[in-house]
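S.K.: what would the 3D arrangement of this be:
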Amino acid sequence: MTTRQVEHEITVGAPAAAVYRLIADVENWPRIFPPTIYVDHVERSAGEERIRIWATANGEAKNWTSRRTLDPDGLRITFRQEVSAPPVAAMGGAWVIEPLSDGSARIRLLHDYRAVDDDPAGLRWIDEAVDRNSRVELAALKTNVELAHAAEDVTFSFEDTVQIAGSSKDAFDFVDEAGLWAERLPHVASVRFTEHSPGLQTLEMDTLAKDGSTHTTKSYRVTFPHHRIAYKQVTLPALMTLHTGLWTFTENGSGVAATSQHTVTLNTENIARVLGPDATVADARAYVQGALSTNSRATLGHAKDHAEKRR
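M.R.: I've put the predicted structure just below:
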C-alpha cells in the first residue's frame with residue numbers, strides 16, 4: 001500500500017493563538033476556506049470531535065466524516081477521515097501553528113493519504129486535489145486571518161422569517177425542490193439543478209433584478225430534511241466576495257417559522273463601479289441586503305402559499 005505524505009506551509013501576519021482559534025472553530029470554515037461548503041458537528045467532547053464536511057475537490061462536490069483532536073496548548077489539530085469518498089482510501093494529517101513573533105506565525109498543513117486499490121490514476125487525482133485545496137486554503141486563511149479585524153464592517157449577517165400555518169415538510173420541500181423554481185418563482189428566469197447524491201445539490205440559476213437585468217449565480221447546497229438547507233454561493237455578484245446562507249424550518253405552536261439567513265462579505269473594490277463614485281460601504285451593505293432580502297422574502301412567501309394550500 002502506497003501512503004503519500006505531503007506538507008504545505010504559509011506565513012501569516014497574525015498571532016499564533018488567533019490563527020489556531022479560527023481553524024479550531026469549524027463554523028468559520030465556509031467563510032475562510034473557499035472549497036468548504038458546510039461543516040456540521042456529529043459529536044464533540046473535551047479535545048475530541050467528529051465533524052462532517054461538505055467541500056469541493058477538483059470541481060466536484062464531496063462529503064466525508066473526520067475525527068479531530070484539538071491541542072490548544074501545542075497549537076496543533078490532528079485530523080483523520082473516518083469515512084472517505086473515493087478515490088480516497090484513507091486520509092489524515094495535522095494543522096501545526098508555530099509562533100514566529102507576537103504578531104506572526106507559520107501554518108504547516110500536513111497530509112498523509114492512500115488511493116483506493118492503490119490506483120495510480122486515483123493517486124494522481126488525490127495529489128492534485130490535496131495540492132490545489134491546500135494552496136487555496138492556506139492562501140485564504142492568510143487573507144482572512146490578516147483581514148479579520150479590518151473587515152469587521154464589511155462582513156455581516158441578517159435574516160428574514162415568515163410564519164407558516166402548515167407543516168415544516170411542505171415548506172422545506174418547496175425550497176428543496178429548486179429545480180422547479182423557474183415555474184414557481186417569478187424572479188427566477190431559468191434553473192440548472194443537479195442532486196449529486198441525496199442531500200448534496202448544485203443550483204445554478206438566472207435571477208431577474210428590479211431593473212430587468214439578469215444575474216447568474218451558482219451555489220452548492222446541503223440539505224437536512226425537513227429542517228435545514230445550507231448553501232454556499234460560488235459564482236458571486238460583483239459586490240460580494242462571500243455569500244453563505246441557511247434556510248431553517250422550526251415547528252412551533254402555530255405551524256412553522258421559516259427563516260432565510262445570509263452571511264455576506266462585501267467586495268469593497270467594486271462599490272464605486274457598481275453604485276457610483278460617491279457610494280459608501282454602508283450604501284453597498286444596504287443595497288446587497290435589500291436585494292437578497294427581497295428574493296428571500298419572495299421565496300418564503302411562495303413556500304408559505306405552497307405549504308398552507310397542502311394543509
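
S.K.: use CA for all of it now, contacts and neighbours both
M.R.: OK.

S.K.: and Ile229, how many residues sit next to it?
M.R.: Counted with other CA atoms under 10 Å, the neighbours of Ile229 add up to 21.

S.K.: quick check: closest non-adjacent residue to it.
M.R.: Spatial nearest neighbour of Ile229, excluding adjacent residues (CA to CA, 6 or more residues apart in numbering): Thr223 at 4.4 Å.

S.K.: run a quick neighbour tally on that neighbour.
M.R.: The number of residues packed near Thr223 is 19, by other CA under 10 Å.

S.K.: okay, it and Ser260: tell me how far apart.
M.R.: In this view, Thr223 and Ser260 are 14 Å apart by CA to CA, to the nearest Å.

S.K.: now do stretch 159-168: everything it contacts.
M.R.: For stretch 159-168, the external contacting residues (CA atoms under 8 Å, 6 or more residues apart in numbering) are 226-227, 249-251, 254-262, 293, 296-297, 300-301, 304, 307-308, 310-311.

S.K.: hmm, 6 Å instead?
M.R.: Here stretch 159-168 makes contact (CA atoms under 6 Å, 6 or more residues apart in numbering) with 249, 255-261, 304, 307-308, 311.

S.K.: and if you look at stretch 24-39?
M.R.: Contacting residues not belonging to stretch 24-39 are listed as 52-56, 137, 140-141, 232 [CA under 6 Å, 6+ apart].

S.K.: where does Pro237 land in three-state SS?
M.R.: With DSSP: H, G, I helix; E, B strand; the rest coil as the basis, the three-state label of Pro237 is coil.

S.K.: Ala272 too?
M.R.: Of the three states, Ala272 takes helix under three-state DSSP.

S.K.: also the one 5 residues further on?
M.R.: With three-state DSSP as the basis, the three-state label of Pro277 is coil.

S.K.: what sits against it?
M.R.: By CA under 6 Å, 6+ apart, Pro277 lies in contact with nothing.

S.K.: and Leu22, how far from Asn144?
M.R.: For Leu22, the distance to Asn144 - CA to CA - is 9 Å.

S.K.: so which of the contacts of stretch 159-168 is the closest to Thr214?
M.R.: Distance to Thr214 across the contacts of stretch 159-168 (CA to CA) is lowest for Ser260, with 21.9 Å.

S.K.: I'd say the closest one and Phe249 touch.
M.R.: No - using CA atoms under 6 Å, Ser260 makes no contact with Phe249, being 9.2 Å away.

S.K.: mind listing the strands for the protein?
M.R.: For the chain, the strands defined by DSSP state E cover 4-12, 36-45, 48-57, 60-71, 76-83, 88-101, 104-115, 155-164, 188-197, 200-208, 214-224, 228-235, 240-252, 255-266.

S.K.: take these and lay them out in CSV including mean pLDDT and distance to Arg132.
M.R.: Shown next, in CSV, are the strands of the chain (pLDDT from 0 to 100; distance: least, CA to CA, whole Å):
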stretch, mean pLDDT, distance to Arg132
strand 4-12, 97, 10
strand 36-45, 94, 13
strand 48-57, 93, 8
strand 60-71, 92, 13
strand 76-83, 94, 18
strand 88-101, 97, 15
strand 104-115, 97, 13
strand 155-164, 96, 26
strand 188-197, 94, 22
strand 200-208, 94, 21
strand 214-224, 94, 19
strand 228-235, 96, 17
strand 240-252, 96, 20
strand 255-266, 96, 23
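
S.K.: thanks a lot, see you next time.
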